[in-house]
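Participant: Prediction below, plus the sequence it came from.
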2 protein chains.
Amino acid sequence: MVEKSKPATLSDVARLAGVSVATASKALNGRAQVRASTREKVFRSAEALSFVPNPLAQGLLSGQTGTVGLLTSDLEGRFSIPIMMGAEDAFGADSTSVFLCDARGDAIREQHQLRALLSRHVDGLIIVGARPDPRRSLGPDITVPVVYAYAPSDHPEDCSITSDNVHGGRLAAEHLLGIGRRRIAIITGDSAYGVAHDRVAGLLQALHDAGLQPVEAPFFGSWSESWGRAATRILLEAHPEIDGLICGSDQIARGAMDALRELGRDIPDDVAVIGHDNWEVLATDARPPLSSIDMDLQELGRRAAEKLFDAIDGRPSHGIEKLPCRLMVRGSTTPTH
Amino acid sequence: MVEKSKPATLSDVARLAGVSVATASKALNGRAQVRASTREKVFRSAEALSFVPNPLAQGLLSGQTGTVGLLTSDLEGRFSIPIMMGAEDAFGADSTSVFLCDARGDAIREQHQLRALLSRHVDGLIIVGARPDPRRSLGPDITVPVVYAYAPSDHPEDCSITSDNVHGGRLAAEHLLGIGRRRIAIITGDSAYGVAHDRVAGLLQALHDAGLQPVEAPFFGSWSESWGRAATRILLEAHPEIDGLICGSDQIARGAMDALRELGRDIPDDVAVIGHDNWEVLATDARPPLSSIDMDLQELGRRAAEKLFDAIDGRPSHGIEKLPCRLMVRGSTTPTH
DNA sequence: GAAAAGACAGAAAAGCTTTTCGGCAACTTA
DNA sequence: TAAGTTGCCGAAAAGCTTTTCTGTCTTTTC
């Protein structure tokens, strides 16, 4: 407990090196007007005192704090954590740090958090929506650059990064077609979610390109296992010939697999199943492990951070950028015969 | 886009109010030496300019930044998000903001993040371990107060908040006893985890207090659904009379329930099942919904924040504080007859 | 050898807030 | 009325870094 009560300051370094604070600053920051031997002396002193410049003083001067706010509404952290990790990667922890705030789906709390972040003079904001559908823009009167991630802003002037759900749907359908499935059905979530329709659009396109149609119009319901179970039962009753099942989420897929097994269908030999989200906990330990569409959220976070960086540097971009999905193949779509 | 290029400063307020910055500061901060009418004028000016004090300047003066770091290793965010929300609650977003960093289970990265946080002059640190077992202490040479949450520190001088796993185990056993189950078995996770043994200890105590023993020594394996399935099959073969099953995690419980159903057992009438973690996504949509032990992570975050606050204010505490668990009763332990 | 140029170090200001201290004016008391 | 109080306000310093500008000393050039 013999801690230095106060961290070393630049004038401590300067005093130890026998120079002025101005010279010390220039030496450490690699400015030109310093003799090599002097610079060396300063560096050694800084080292000895384990000096780190006070970011508050730096920020006060430069007007930048080296911090960004990440405001999320995703209570689970299921989406925002990967996005934050991607942003961390892109920023680099030493140059920029991330304030994570959770609005918990509450508009009042969101306003509150927003004010708190702005009063902290963050250099920029990343807004992560609770669901992938477009969300209300914060409006143009925010004093710092904003990037919307996962859920795009409903205002075209804003900058948004989101997953390409049409592409994700297409990917799933093409995969099932690729393993020879032709009698394909679709179970997805809440019809009020635009993304449910986007994904369906993508896979209908892919089926159409192959000269096919789903065995029946897509089933909309909820994003839950129980809906997956129920829908699968109804579907199999009407269409026992189904050999491929595309689900709008991994939860739905898990429910569907349970129902299929209870109906005596082998997965994937009788029916191949694919989900969406690539939620590892659910997907890897399913019977068999569940193939899924990965939205590559970490990359999404990286891109959001890059966009934000550019905007902070005065190069703002506008509109929605859509990131392609990735296919994760596991046992549920790997035929054994 | 007619934004004020620069946010208003205190001298702007003072000028508008026709007073000095000193008076303006005192007025806004409720210091005594200001006439009421003057104070009123200053408040109105501040309002008009929507003035917010620059936290950098405040921090520079006070030596405190009003920020804390939350360093986690939990890639899922499953534990750290609730903990962070609890901490947010306790701090209050306007007085203290949270830097969330993810070390991703990598010691090098942890050191890196730690340095970044310290160079940002956070007022304190909350360390959230990847697993609930004790973790290596950061050591005493950290210059700010540290509280370990979820995973306690292995150093007794440090301050740690963790879940009372013995209590959690006891709670689960008492619940099953309470609904009349007497032939109880235990399936838990990796034997290398101390908490697995703690939970088992708690429920053995509770059984013992009721004059009972489990039908067989607890099964240790892994924290996965597949282990839950496999263990249940072995267990039921040896002990078909089992009427209560206590699982070390909700994932194990989900696997166990699948196996039980396939063996023709009704849940809960034949066998009642209880899990641990109360992971909503898994628990609520199980068949039937899964009873579980909730570690109350949000409360844990709150307590950690309070402890940290006290430590920052010069009232540090030491040792491990254990928080009781809560029982969440759902259909898997609610007999229907 | 003198004048111009160049190299390098230091003083000072700026960035914004808080606090201490000094001072002015109005007031009370003898 | 003179001395002593209060009550309020403002000047200035402190907190730490960066940058600009000035000044000194050495070097080069004619």
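Facilitator: Sure, I can see it.

Participant: wait, doesn't A:T67 sit right on A:A93?
Facilitator: No: using CB atoms under 8 Å, A:T67 is not in contact with A:A93; the gap is 11.6 Å. Placement of C-beta: from N, CA and C, glycine included.

Participant: In the stretch 101-250 of chain A, which residue sits nearest DNA strand D?
Facilitator: Scanning the stretch 101-250 of chain A for the residue nearest DNA strand D gives A:H121, at 14.3 Å (criterion: CB to the nearest atom of the strand).

Participant: residues contacting the residue nearest to that residue when sequence neighbours are not counted?
Facilitator: With sequence-adjacent residues excluded and distances taken as CB to CB, 6 or more residues apart in numbering or on different chains, A:H121 is closest to A:T65, at 5.0 Å. Neighbouring residues of A:T65 by CB atoms under 8 Å, 6 or more residues apart in numbering or on different chains: A:55, A:59, A:120-123, B:56.

Participant: 6 Å instead?
Facilitator: A:59, A:121, A:123 (CB atoms under 6 Å, 6 or more residues apart in numbering or on different chains).

Participant: Three-state assignment for it, please.
Facilitator: coil (DSSP: H, G, I helix; E, B strand; the rest coil).

Participant: I'd like the distance between it and A:R15.
Facilitator: Using CB to CB, to the nearest Å, A:T65 is found at 28 Å from A:R15.

Participant: picking that back up, looking at the contacts of A:T65, which are in helices?
Facilitator: Among those, the ones falling in helices (DSSP state H) are A:G59.

Participant: Of the contacts of A:T65, which is the nearest to A:H167?
Facilitator: A:D123 (31.9 Å; CB to CB).

Participant: That closest one contacts A:D313, correct?
Facilitator: No: A:D123 lies out of contact with A:D313 (CB atoms under 6 Å); the separation is 10.1 Å.

Participant: Which residue comes closest to A:Q205 once chain neighbours are left out?
Facilitator: A:R170 (5.9 Å).

Participant: got the residues of the stretch 51-200 of chain A near DNA strand D?
Facilitator: Residues of the stretch 51-200 of chain A found near DNA strand D (CB under 7 Å from any atom of the strand) are A:51, A:53-54, A:57-58, A:60-62.

Participant: Any quick ChimeraX command for the buried ones out of these?
Facilitator: In ChimeraX syntax, the buried subset of these is picked out as below (16 or more other CB atoms under 10 Å in any protein chain shown):
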select /A:51,54,60
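
Participant: any idea how far A:L61 is from A:N54?
Facilitator: A:L61 is 11 Å from A:N54, by CB to CB.

Participant: before we move on, what about A:T333?
Facilitator: Applying CB to CB to A:T333 and A:N54 gives a distance of 56 Å.

Participant: other SSEs contacting the helix or strand in which A:A230 is found?
Facilitator: Assigned by DSSP states H and E, A:A230 falls within helix A:225-238. Identification of packing neighbours for helix A:225-238 by 3 or more CB pairs under 6 Å, 6 or more residues apart in numbering or on different chains; DSSP states H and E yields helix A:250-262.

Participant: what packs against the helix it packs on?
Facilitator: Counting by 3+ CB pairs under 6 Å, 6+ apart, helix A:250-262 packs on helix A:225-238, strand A:244-247, strand A:272-276, helix A:280-284.

Participant: Show me what the shortest one pairs with in its sheet, parallel or antiparallel.
Facilitator: This points to strand A:244-247. strand A:184-187 (parallel), strand A:272-276 (parallel) (DSSP bridges).

Participant: any low-confidence regions in chain A?
Facilitator: For chain A, applying pLDDT under 70 flags the ranges A:1-5.

Participant: ranges for the strands of it?
Facilitator: Assigned by DSSP state E, the strands in chain A fall at A:67-72, A:97-102, A:124-128, A:146-149, A:159-163, A:184-187, A:244-247, A:272-276, A:291-294, A:319-323, A:326-328.

Participant: Looking at those strands, which is nearest to DNA strand C?
Facilitator: Nearest of those (CB to the nearest atom of the strand): strand A:67-72, 16.2 Å.

Participant: just the angle between the closest one and strand A:97-102, please?
Facilitator: 20 degrees (axes from the mean of the first three to the mean of the last three CA atoms, to 10 degrees).

Participant: Give me the buried positions along strand A:67-72.
Facilitator: So strand A:67-72, judged by 16+ other CB under 10 Å, has buried residues A:67-72.

Participant: Tell me the strands beside it, with direction?
Facilitator: Partners of strand A:67-72 in its sheet, by DSSP bridges: strand A:97-102 (parallel), strand A:124-128 (parallel).

Participant: could those strands be laid out in JSON lines, adding mean neighbour count?
Facilitator: What follows is these, written out as JSON lines (neighbours: other CB atoms under 10 Å in any protein chain shown):
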{"stretch": "strand A:97-102", "mean neighbour count": "25"}
{"stretch": "strand A:124-128", "mean neighbour count": "26"}
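
Participant: Tabulate these (TSV), appending distance to DNA strand C.
Facilitator: Compiled in TSV, those are given as follows (distance: least, CB to the nearest atom of the strand, whole Å):
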stretch	distance to DNA strand C
strand A:97-102	20
strand A:124-128	19
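
Participant: and of those, who's closest to B:A36?
Facilitator: Going by CB to CB, the one of the strands paired with strand A:67-72 nearest B:A36 is strand A:97-102, 36.8 Å.

Participant: now the closest one, how far from the chain's geometric center?
Facilitator: Here the centre of strand A:97-102 is set off from its chain's centre by 14 Å, with CA atoms, centre = their mean, to the nearest Å.

Participant: which residues are in contact with that strand?
Facilitator: A:67-72, A:113, B:85, B:97, B:99-100, B:120.

Participant: can you check stretch A:45-63 too?
Facilitator: A:8, A:12-13, A:16-17, A:65, B:56-57, B:59-60, B:119-120.

Participant: Need the buried ones from these selected in PyMOL.
Facilitator: To isolate the buried members of these in PyMOL, using 16+ other CB under 10 Å:
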select buried, (chain A and resi 8+12+13+16+17+65) or (chain B and resi 56+59+60+119+120)
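
Participant: Please report how far A:P268 lies from A:T336.
Facilitator: Distance from A:P268 to A:T336, by CB to CB: 8 Å.

Participant: how close does the closest residue to A:R199 other than its chain neighbours get to chain B?
Facilitator: Spatial nearest neighbour of A:R199, excluding adjacent residues (CB to CB, 6+ apart): A:G169 at 3.8 Å. To chain B, A:G169 is 23 Å away according to CB to the nearest CB, to the nearest Å.
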